[in-house]
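1. Dropping the sequence and predicted coords here.
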Amino acid sequence: MLGEAEEIRDISHEVLKIFGEYNLSDFIWPLRKLRVREYEKRTEDIFNKFDPVIEKLINKRQEIRRKRKKGNADVDGETLVSLDTLLLEFAEDETMEIKISKDQIKGLTVDFFSAGTDSTAVATDWALAELINNPKVLQKAKEEVDSVVGKERLADESDVQNLPYIRAIIKETFRLHPPLPVVKKKCVAECVVDNYVIPEGALVLFNVWAVGRDPKYWDTPSEFRPERFLLESSVGGEQQAVDLRGQHFQLLPFGSGRRMCPGVNLATQGMATLLASIIQCFDLQVVDSHGQILKDDDAKVSMEERPGLAVPRLHNLMCIPVARPNIDPLKLLSIKRDCTCMLFHYSCSF
Ligand code: HEM
């Protein structure tokens, strides 16, 4: 979003770590004061690191905008299509009904980084791991991408609407591996659910992970079977109309209601484009910890989880991306610059 990936990524990790931590003092009340002091100190440290970085970025964008308005050609190569630039435009727009301050821009930027980066990366990682462990699904995905996109250009966002199987893979990944496995809501008025009285103000935790694997709602729930989401499928299709927008309570990886995730479109569209590009360009060879290529039944990756705000796989995905026959990823990347960073970044992290 802003082009200063490394620095932001490190700080985002710290934000996510502190968010995702289990604190005994949340459950043992007398310990609360102790924790609050320690927690506040760490929060402040993160703020002191994050704030100057965001401040610098916003100032840089403001400067480019100022120069551009004056017709300065030096900044013609600089990109202005970014989230913070749009927000700056809103902030400077006299006609806007609601005024946005610089602090609010900073807050929104941090929100987007912390809420939008790790979750999407973790979900993509789970999707690739499932594809590696389910070669038949991967083969079908390759066939779909090849027939829709071909080999002369790189898959892009406009292809996603024509890639139903890739979209089904994404839903199936979210069903089994929701990056945020527990969604929480505060009860605003006393109500009764299944004969349980939920008092006003109670914090209600909804286990999205468990519901996604509940045999009451899903056939063969532990199987990775994207076909269950396909309209035309003859081997399933029972969940074909289920989408990710918070209206189907058996699949809520983005939450539901007024505070559901506003990034659902960005995340699913981005993930589908990234997955399609990787599938189009590379065969993934799984390697062990010594770098030895694993073959046939051994070429599987572990699906163990580790804790975090967005729940990642326990082990890093160790793969060698090998260009597929008749595909020249570098040529495709040079044709489609937009996807270059995304694909290249991901490939580098193998
Ligand atoms: C795979 C990717 C993602 C997943 C699984 C995910 C999941 C979630 C969930 C479960 C919530 C809580 C919803 C609720 O309480 O009902 C949430 C909130 C939020 N998400 Fe996402 N998210 C993802 C990507 C993104 C992206 C890309 C952005 C923005 C760039 C984003 C921004 C936010 C924000 C700002 C909130 C807080 C909304 C509020 O409290 O009103 N998320 N997300």
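-> Right, received. Where do you want to start?
2. Around the ligand, pick out the residues from the stretch 51-200 of the chain.
-> 111-112, 115-116, 119-120, 123, 179-180, 183 (Cβ under 6 Å from any ligand atom). In this view, the C-beta of every residue, glycine as well, is placed from N, C-alpha and C.
3. What are the boundaries of the strands in this structure?
-> 182-186, 191-193, 196-198, 203-207, 282-286, 319-323 (DSSP state E).
4. Between the ones you listed, which one is closest to Gly20.
-> strand 182-186 (10.7 Å; Cβ to Cβ).
5. Dump the strands of the chain to TSV, plus mean pLDDT and mean neighbour count.
-> Output for those, formatted as TSV (pLDDT from 0 to 100; neighbours: other Cβ atoms under 10 Å):
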stretch	mean pLDDT	mean neighbour count
strand 182-186	92	14
strand 191-193	94	10
strand 196-198	95	11
strand 203-207	93	12
strand 282-286	93	18
strand 319-323	90	16
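6. Any of the residues of the stretch 51-200 of the chain next to the ligand buried? List them.
-> Buried by 16 or more other Cβ atoms under 10 Å: 112, 115-116, 119-120, 123, 179-180, 183, out of those.
7. low-confidence ranges in the stretch 201-350 of the chain?
-> 231-240, 334-350 (pLDDT under 70).
8. Mind jotting down where the helices sit in it?
-> 208-212, 264-281, 329-335, 337-348 (DSSP state H, counting those that start in this stretch).
9. Nearest residue to Lys185 in space, ignoring adjacent ones along the chain?
-> Val204 (5.0 Å; Cβ to Cβ, 6 or more residues apart in numbering).
10. Quick check: the gap between that neighbour and Val193.
-> 9 Å (Cβ to Cβ, to the nearest Å).
11. And for Tyr217?
-> Taking Cβ to Cβ, one finds Tyr217 at 17 Å from Val193.
12. Same question for Met303.
-> From Met303 to Val193 the distance is 32 Å (Cβ to Cβ).
13. Likewise for Ala141?
-> The value you get for Ala141 to Val193, if Cβ to Cβ is used, is 39 Å.
14. Relative to Val182, how far out is Leu31?
-> Taking Cβ to Cβ, one finds Leu31 at 22 Å from Val182.
15. Kindly apply the preceding question to Arg175 instead.
-> 15 Å.
16. next one: Thr43
-> In terms of Cβ to Cβ, Thr43 sits 21 Å off from Val182.
17. Val211 too?
-> 11 Å.
18. what residues does the stretch 251-350 of the chain put near the ligand?
-> Counting by Cβ under 6 Å from any ligand atom, the stretch 251-350 of the chain sits next to the ligand at 253-257, 259-263, 266-267.
19. Just among these, which is most surrounded?
-> Pro253 (26 neighbours; other Cβ atoms under 10 Å).
20. How about the contacts made by Val148?
-> Val148 makes contact with 159, 162-163 under the criterion Cβ atoms under 8 Å, 6 or more residues apart in numbering.
21. Select the longest helix from the protein.
-> Using DSSP state H to define each element, the chain has its longest helix at helix 32-69.
22. Where does the stretch 51-200 of the chain get nearest to the ligand, residue-wise?
-> The nearest approach of the stretch 51-200 of the chain to the ligand comes at Gly116, 2.9 Å away (Cβ to the nearest ligand atom).
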